[in-house]
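# can't give you the sequence, but here's the structure:
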C-alpha cells in the first residue's frame with residue numbers, strides 16, 4: 001500500500017513539473033502577443049505613381065455565334081435509335097441521328113391504300129364527265145336531229161295527204177256538177193281534206209315543240225348531269241391530291257427519321273451552348289417535333305458568354321476591349337452585346353444578379369465550343385496616377401482614412417479616392433508620392449479599430465479634432481470639410497462613369 005501511494009506522488013510531481021515548464025516556455029510568446037502595437041513591426045506600402053487598369057473578371061463558356069441546329073422533323077416525335085458521338089467532325093451528308101421508323105412505315109401502308117382508293121374514284125369521276133359531255137353531243141347531233149327529221153317526214157307526208165285530199169275533193173266537185181257524184185260523197189271528200197289539214201297542223205306543232213321546248217329541256221338535263229359529274233370529279237380530284245400529299249408527307253417523315261449533316265463541322269450537344277435549355281439526347285430517348293437534337297457551330301465565328309455582376313454592368317460599353325484566357329491561350333476580343341434583362345436569380349445562383357454579356361473573339365484555329373474561359377473586360381485605363389492598396393483604407397462615416405508612417409510616428413490622414421480595381425485605388429488628395437501607408441491598419445492600430453467601428457459621423461469628426469498636433473490630418477481644410485457618404489472604395493469606383 002505504501003509503495004502504491006509513493007508511486008502516485010511521484011507521478012503527480014512529474015506532471016506538476018511539466019506544467020511549470022510549459023508555463024515558463026509560454027511566457028515569452030504571451031508577452032509578444034500582448035506587446036503594444038507601437039512596438040510591433042508595421043507592414044507598409046510606399047505610395048507611387050503609375051498606370052492603373054480597371055477591369056471586371058468573369059468566367060464564361062466559349063460558343064459560336066452562328067450554329068446550325070439539327071432538329072427533329074418527325075411529326076409527333078419519335079425514339080432515338082442511334083446518335084453520333086458529340087465532338088465528331090462530319091462532312092455534308094453524314095448520318096447524325098437515326099429515329100424509329102416502324103410507326104411511319106405503318107402509316108405509309110395505310111395511306112397508300114387511301115391514295116389508291118381516291119385514285120379509283122377520280123378515274124370514275126373523269127369517265128362520268130366524259131360520258132355527260134358525249135351525251136350532250138349525242139343528243140344535239142343524233143337524237144334531236146333524228147326526232148326532228150322524223151317529224152319533218154311526217155309533215156311532208158301530211159302535206160301530201162292534204163294535196164291528195166284536195167284533188168279528190170275538187171274531182172268530186174266536178175263530178176257533182178255533172179250529177180255523177182252525190183252530195184254525201186262530196187261532203188265525205190270535204191271531211192277528208194279537213195282531216196288531212198288538221199293532221200298536218202298537229203305534226204307542225206310537234207316540230208315546233210321539239211325545237212322550242214323539248215330540246216331545251218333535254219339539254220338542261222344533260223348539262224345538269226355534266227355539272228354534277230364535274231363537281232364530283234373536282235371533289236375526287238381534291239381528295240386524290242389530299243391523299244397524295246399525305247402519302248408524300250409520310251414518305252418525307254420516313255426520310256426525316258434519318259438525319260444527315262447539312263454541312264461540314266464539329267457536332268456538339270445543345271447543352272454546350274449555354275443559352276440552350278434543351279436536354280441532351282441519347283439512344284432510347286424520346287424526342288418531340290422541332291426539338292434541337294444536335295448543333296454544328298461555325299468555328300470561324302466564336303464568342304464567349306459571361307455573366308457580369310449588376311454592380312459592374314452599368315460601366316460596360318459595346319466595343320470595350322477584353323482579354324480572354326482559354327486553356328493556355330490568350331486572345332483579344334471586344335464586348336459585342338450586353339443583355340438588357342438579367343438572368344433569373346435564386347438559391348441555385350447564390351442570389352447573385354448577373355447580366356449576360358457577349359465577347360466577340362478573333363478567328364483562331366483550335367477553338368472549340370464548351371471550352372471554359374476567363375474574361376477580363378477593361379472598363380477604364382488611367383496613366384500616371386497616385387495609387388494605394390485597398391487594404392490600407394479604412395471607411396468611416398466621416399470619410400476614408402489611412403495611417404501614414406512618419407519619422408515622428410504614425411499619423412492619420414483623410415483621403416479622397418478615385419476609381420479602383422479592387423486591389424488598388426486612385427488617391428486624388430490627402431497623400432503624396434513617397435508616403436508610407438500602413439497596410440491593414442485595423443489589425444495593428446487601436447485607433448484604426450475604433451474609427452472603423454464608429455457609426456456616428458459627428459463622433460468621428462470630434463475624434464479628429466481631439467488629435468495631438470503631431471497627429472493632425474495632413475489633408476487641406478477644404479478637403480477635410482468635404483463629407484462623403486460611407487461607401488466602399490470598390491462600390492464608389494463602380495458608380496463612376
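Yep, that arrived. Owing to the predicted nature of the structure, the values given are computational and were not obtained by experimental measurement. Residues are numbered from 1 along each chain as shown.

# Residue 254 is in contact with residue 98, correct?
No. Between residue 98 and residue 254 there is no contact under C-beta atoms under 8 Å: 12.0 Å. In this view, the C-beta of every residue, glycine as well, is placed from N, C-alpha and C.

# number of nearby residues for residue 156?
Burial of residue 156 is recorded as 12 neighbouring residues (other C-beta atoms under 10 Å).

# Remind me which helix or strand it belongs to.
helix 144-177 (DSSP states H and E).

# And residue 352, by the same measure?
Counting by DSSP H and E, residue 352 is part of no helix or strand.

# and if you look at residue 122?
helix 102-138.

# between that helix and helix 144-177, how many degrees?
Angle between the axes of helix 102-138 and helix 144-177 is 20 degrees (criterion: axes from the mean of the first three to the mean of the last three C-alpha atoms, to 10 degrees).

# mind listing what's buried in the helix holding residue 156?
144, 147-148, 151, 154-155, 158-159, 161-162, 165, 168-169, 172, 176 (16 or more other C-beta atoms under 10 Å).

# and the two most separated of those residues?
Largest separation among those by C-beta to C-beta: 144 and 176, giving 46.9 Å.

# Relative to residue 358, how far out is the residue nearest to residue 55 when sequence neighbours are not counted?
Once flanking residues are discounted, residue 55 sits nearest to residue 376: 4.7 Å by C-beta to C-beta, 6 or more residues apart in numbering. Counting by C-beta to C-beta, to the nearest Å, the separation of residue 376 from residue 358 is 15 Å.

# More neighbours: these two, which one.
Comparing residue 376 with residue 358 by other C-beta under 10 Å, the one with more neighbours is residue 358, at 20 against 17.

# which strand residues sit across from that one in the sheet?
For residue 358, the beta-bridge partners under DSSP bridges are residue 305, residue 337.

# doesn't residue 334 make contact with it?
No. Between residue 358 and residue 334 there is no contact under C-beta under 8 Å: 9.8 Å.

# hey, where'd the helices end up in the stretch 351-497 of the chain?
Secondary structure of the stretch 351-497 of the chain (DSSP state H, counting those that start in this stretch): helices located at 446-453, 457-465, 477-481, 489-495.

# mean pLDDT lowest for which of these?
Mean pLDDT is lowest for helix 477-481 out of the helices of the stretch 351-497 of the chain, coming in at a mean of 36.

# Also compute the angle for the longest helix out of those in the chain relative to helix 102-138, please.
In terms of residue count, the longest helix belonging to the chain (DSSP state H) is helix 215-256. Using the same axes, to 10 degrees, one finds that helix 215-256 and helix 102-138 are set 160 degrees apart in direction.

# list the helices and strands helix 215-256 packs on?
If contacts are counted by 3 or more C-beta pairs under 8 Å, 6 or more residues apart in numbering; DSSP states H and E, helix 215-256 sits against helix 102-138.

# Return the distance of the helix it packs on from the chain's centre.
Chain-centre distance of helix 102-138: 44 Å, with C-alpha atoms, centre = their mean, to the nearest Å.

# Then stretch 152-172?
Remark: stretch 152-172 is offset 99 Å from the chain centroid, using C-alpha atoms, centre = their mean.

# What residue spans form the domains of this structure?
Here the domain assignment for the chain is 44-52+382-495, 74-100+258-287, 104-247, 296-380, based on automatic domain parsing.

# who wins for proximity to residue 62 among these?
domain 296-380 (4.2 Å).

# end-to-end on the closest one?
Start and end residues of domain 296-380 are separated by 37 Å (C-alpha to C-alpha, to the nearest Å).

# what is the mean pLDDT for that domain?
Mean per-residue pLDDT for domain 296-380: 85.

# Could you tell me how far that domain lies from the centre of the chain?
19 Å.

# now stretch 367-385
28 Å.

# ok, and for that stretch, which residues are buried?
Result for stretch 367-385 [16+ other C-beta under 10 Å]: buried residues 367, 368, 369, 370, 371, 373, 375, 376, 377, 379, 385.

# Format these as a markdown table; extra columns: distance to residue 195.
Formatted as a markdown table, the buried residues of stretch 367-385 follow (distance: C-beta to C-beta, whole Å):
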| residue | distance to residue 195 |
| --- | --- |
| 367 | 116 |
| 368 | 115 |
| 369 | 111 |
| 370 | 114 |
| 371 | 118 |
| 373 | 120 |
| 375 | 121 |
| 376 | 127 |
| 377 | 122 |
| 379 | 126 |
| 385 | 140 |
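
# could you show me where the strands are in the stretch 301-450 of the chain, in order?
Counting by DSSP state E, counting those that start in this stretch, one finds strands in the stretch 301-450 of the chain at the ranges 302-309, 321-326, 329-338, 354-361, 372-389, 394-396, 399-406, 409-420, 424-429, 436-438.

# Okay, now the sheet partners of the longest one, with direction.
Just to be clear, that refers to strand 372-389. Note on strand 372-389: by DSSP bridges, its sheet partners are strand 48-64 (antiparallel), strand 321-326 (antiparallel), strand 424-429 (antiparallel).

# what's the angle between the next helix or strand after the longest one and helix 215-256?
Spelled out, that is strand 48-64. Sequence order places strand 67-71 as the next helix or strand after strand 48-64, per DSSP H and E. Relative orientation of strand 67-71 and helix 215-256, computed by the same axes, to 10 degrees: 110 degrees.

# burial measure for residue 186, as a count.
15.

# Can you tell me the element residue 295 falls in?
strand 292-297.

# And that strand, what does it pack against?
strand 67-71, strand 78-83, strand 95-99, strand 265-266.

# which residues are in contact with the first one?
Strand 67-71 is contacted by residues 96-97, 259, 261-263, 265, 273, 290-298 when judged by C-beta atoms under 8 Å, 6 or more residues apart in numbering.

# rerun that using 6 Å as the cut-off
Strand 67-71 is contacted by residues 96, 290, 292, 293, 294, 295, 296, 297 when judged by C-beta atoms under 6 Å, 6 or more residues apart in numbering.

# Can you name the residues that contact residue 155?
So residue 155 contacts 203, 204 (C-beta under 6 Å, 6+ apart).

# Just the pLDDT at it, thanks.
We note a pLDDT of 93 for residue 155 in this prediction.

# what's the closest residue to residue 410 other than its chain neighbours in contact with, if anything?
Among residues not flanking residue 410 along the chain, residue 403 sits closest, at 5.2 Å (C-beta to C-beta, 6+ apart). Contact analysis of residue 403 by C-beta under 6 Å, 6+ apart lists 410, 412, 438, 441, 445.

# Can you pick out the most distant pair from the residues you listed?
Comparing all pairs in those by C-beta to C-beta, the longest separation belongs to 412 and 438, at 9.8 Å.

# Scan the helices and strands of the protein for the one with the lowest mean pLDDT.
helix 477-481 (a mean of 36; mean pLDDT, DSSP states H and E).

# Number of residues surrounding residue 257?
As a burial measure, residue 257 scores 21 neighbours (other C-beta under 10 Å).

# Now do the contacts for it.
99, 101.

# cool, and residue 210?
147, 148.

# Give me the three-state assignment for it.
helix (DSSP: H, G, I helix; E, B strand; the rest coil).

# Quickly note the distance from it to residue 204.
In terms of C-beta to C-beta, residue 210 sits 11 Å off from residue 204.
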